[in-house]
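Participant: Give me coordinates for this.
(one chain, ligands or ions: 2)
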Amino acid sequence: MTATLSVNLNAIAMLRNRRDLPWPDVIHFGRIALQNGASGLTVHPRPDQRHVRFSDVPALRDLIDREFPSAEFNIEGYPSDHFLQLCEDARADQVTLVPDDPTQATSDHGWDFAAEAERLVGIVARLKARGIRVSLFADPSPVGLDIARRVGADRVEFYTGPYGATHSDAAAAERELACLKDAGNTAAREGLEVNAGHDLTIDNLPALCRAIPALKEVSIGHAFTADALEHGFAETTRRFIRALQPA
Ligand SMILES: CC(=O)[C@@H](O)[C@H](O)COP(=O)(O)O
Ligand SMILES: NCC(=O)COP(=O)(O)O
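Facilitator: Ligands and ions are numbered 1, 2, ... in the order given. Predicted coordinates for the structure are as follows:
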């Protein structure tokens, strides 16, 4: 199985927000990514709208509906009532629920499934009742994946920040990959499909795909955007898709 690529547009939105101007245009770069083979688009509209604005969400839904109806729209975020309503109004194909505090600089941990199970059951049911696939952001660990399944999640997205941080330490990378492999095997046993994201790059993707052969989707934004500064958005999309192909 080859994991699909969902391009995260947060960094494009952050660049746009530097000035009160409409460029770089989030919709334009989402279109380029989908035109060049990305399977979907991801955004993480945070409460402070530091990058993706709430108004970007319906506009991206409209792009996919009009021009790329087979593409998926993955919306990530903390399950506040406002966020859940935003996802429902946008008819998200997938919602990735993340336990982020509004003040966090970025996403840096998965759910404490044991502590949050009771709350997550209703939230997951609400989204699934609207035909939305639900993925729960999870640490790269087997712990709690049985609960993730019990609360109704279709998938977990393993947080690959610790793996991404090992870019200059091969031994540490092997240790993180072993954790991801173990977590991926447990997820499969629990009947969960697996996504992954955070600090993934062209260089670290192949080993991750070998560690989790059943990996369904990777969502990538930061390193993708850095690569695109050098290669352009279209070629970078093709480069990341090539990196996902089995060797
Ligand atoms: C959930 C995750 O790991 C990322 O998708 C997250 O959206 C990154 O958020 P920032 O782009 O705000 O750092
Ligand atoms: N879920 C991860 C994501 O969407 C993008 O994370 P990053 O590549 O910006 O670190």
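Participant: Run through the bridge partners of the closest residue to ligand 2 within the chain.
Facilitator: For the chain and ligand 2, the shortest gap (Cβ to the nearest ligand atom) falls at residue 197, measuring 2.6 Å. Any C-beta I mention is one placed from the backbone N, CA and C, and that applies to glycine too. Assessed by DSSP bridges, residue 197 has beta-bridge partners residue 159, residue 219.
Participant: neighbours around it, how many?
Facilitator: 27 (other Cβ atoms under 10 Å).
Participant: show me the contacts for it.
Facilitator: Neighbouring residues of residue 197 by Cβ atoms under 8 Å, 6 or more residues apart in numbering: 8, 42, 157-160, 218-220.
Participant: what's next to the host helix or strand of residue 30, contact-wise?
Facilitator: In the assignment (DSSP states H and E), residue 30 maps to helix 26-35. Contact with helix 26-35 is made by 7, 9, 12-13, 16, 40-41, 52, 56, 59-60, 63-64, 67-68, 71, 233-234, 237, as judged by Cβ under 8 Å, 6+ apart.
Participant: Same check on stretch 161-168?
Facilitator: Contacts for stretch 161-168 (Cβ under 8 Å, 6+ apart): 107-108, 140, 172-173, 175-177, 179-180, 198-201, 203-204, 208, 223.
Participant: List buried residues within these.
Facilitator: Buried members of the contacts of stretch 161-168, counted by 16 or more other Cβ atoms under 10 Å: 107, 140, 173, 176-177, 179-180, 198-201, 204, 208, 223.
Participant: And the contacts of stretch 49-61?
Facilitator: Here stretch 49-61 makes contact (Cβ under 8 Å, 6+ apart) with 9-11, 13-14, 17, 26-27, 30, 41, 43-46, 73, 75, 86, 89-91.
Participant: Need the buried ones from those selected in PyMOL.
Facilitator: Typed into PyMOL, the next command selects the buried ones out of the contacts of stretch 49-61 (criterion: 16+ other Cβ under 10 Å):
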select buried, resi 9+10+11+13+14+26+27+30+41+43+44+45+46+73+75+86+90
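Participant: And residue 58, how close does it get to residue 86?
Facilitator: 9 Å (Cβ to Cβ, to the nearest Å).
Participant: And for residue 170?
Facilitator: Distance, residue 170 to residue 86, by Cβ to Cβ: 41 Å.
Participant: quick one: secondary structure of residue 147?
Facilitator: Of the three states, residue 147 takes helix under DSSP: H, G, I helix; E, B strand; the rest coil.
Participant: can you pull the contacts of the closest residue to it other than its chain neighbours?
Facilitator: Among residues not flanking residue 147 along the chain, residue 113 sits closest, at 3.9 Å (Cβ to Cβ, 6 or more residues apart in numbering). For residue 113, the contacting residues are 120, 136, 138, 143-145, 147-148, 151, by Cβ under 8 Å, 6+ apart.
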